[in-house]
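Asks: Need a 3D model of the following:
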Amino acid sequence: MALEIERRFLVSGDHWRSHAHRARAIRQGYLSTGNGDLTLRVRLAQAPDGAMEAFLTLKLPAVGTVAASASAGQALTRQEYEYPIPAIDAEALLERSAQQVSKTRFSLDLPGGDWVLDVFEAANAPLVVAEVELERADQAVAIPAWCSREITGRRDLSNAALAHRPLVAWPAAERDSLLLPRSD
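Replies: Coordinates of the predicted model:
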């Protein structure tokens, strides 16, 4: 069984840029989402060399865990099955997917796990989210100062949820409370 163990953070400012390398343009569509229990996603990503890569991904709660139980400081653990598919098949599936997100993903040179940062585009701009994949749910993580707030376990900020209800559809007060710096 393939496990995805991750923590996610909202990002403020652009101090992350000194850690960024390997940008990839990504389009992903959701073919099925079901109350946090199952997500079926198609992803088409353009590598820096221009090559297209495509994947079909199935995500489920990990056996013995509840996906919604993750909160600040706790990693979200899910089963993840990802399979490469031909780019032409991904394009065809994306054409049939009404719920999509587009973003640019950067790899980050940070210690303590596999860090990536997503700069969302179109209806989800100006959202920027960093995530770290871990080997263990209890693994310690040094969180950079530009990670302003942990959002692990917030279903409304999952990529699937943002495809269904993008930031542009959020009431202004709700969007502002998410994106504007907090004074706590």
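Asks: What backbone torsions are found at the residue most central in space within the chain?
Replies: Per Cα atoms, centre = their mean, the C-alpha nearest to the average position across the chain is that of N159, at 5.3 Å. Dihedral pair for N159: phi -60, psi -40, per degrees, to the nearest 10.
Asks: so who does it touch?
Replies: Taking Cβ atoms under 8 Å, 6 or more residues apart in numbering as the criterion, N159 is in contact with 28, 41, 101. Every residue, glycine included, has its C-beta placed from N, CA and C.
Asks: how about the helices in the protein?
Replies: 87-95, 159-164, 172-179 (DSSP state H).
Asks: Give me whichever of the ones you listed is most buried.
Replies: With neighbours defined as mean count of other Cβ atoms under 10 Å, these peak in mean count at helix 159-164, which reaches a mean of 20.
Asks: Keeping just the C-alphas, turn it into PDB.
Replies: Written as PDB, here are the backbone C-alpha positions of helix 159-164 (Å, rounded to 0.1, in the frame of the first residue of the first chain):
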ATOM      1  CA  ASN A 159      -6.900  20.800  -4.400                       C
ATOM      2  CA  ALA A 160     -10.100  18.800  -5.000                       C
ATOM      3  CA  ALA A 161     -12.200  21.300  -3.000                       C
ATOM      4  CA  LEU A 162     -10.500  24.300  -4.700                       C
ATOM      5  CA  ALA A 163     -11.400  22.700  -8.100                       C
ATOM      6  CA  HIS A 164     -15.100  22.500  -7.000                       C
END
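Asks: Mind checking the helices of the chain for the one nearest to V129?
Replies: Evaluated with Cβ to Cβ, the helices of the chain place helix 159-164 nearest to V129, the distance being 8.9 Å.
Asks: if I pick E6, what's in contact with it?
Replies: Listed by Cβ under 8 Å, 6+ apart, the contact set of E6 reads 75-76, 131-134, 152.
Asks: on that earlier part again, dump the contacts of N159 into JSON lines; add distance to A51 and pLDDT as well.
Replies: As requested, the contacts of N159 are exported to JSON lines (distance: Cβ to Cβ, whole Å; pLDDT from 0 to 100):
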{"residue": "Q28", "distance to A51": "17", "pLDDT": "97"}
{"residue": "R41", "distance to A51": "20", "pLDDT": "96"}
{"residue": "V101", "distance to A51": "21", "pLDDT": "98"}
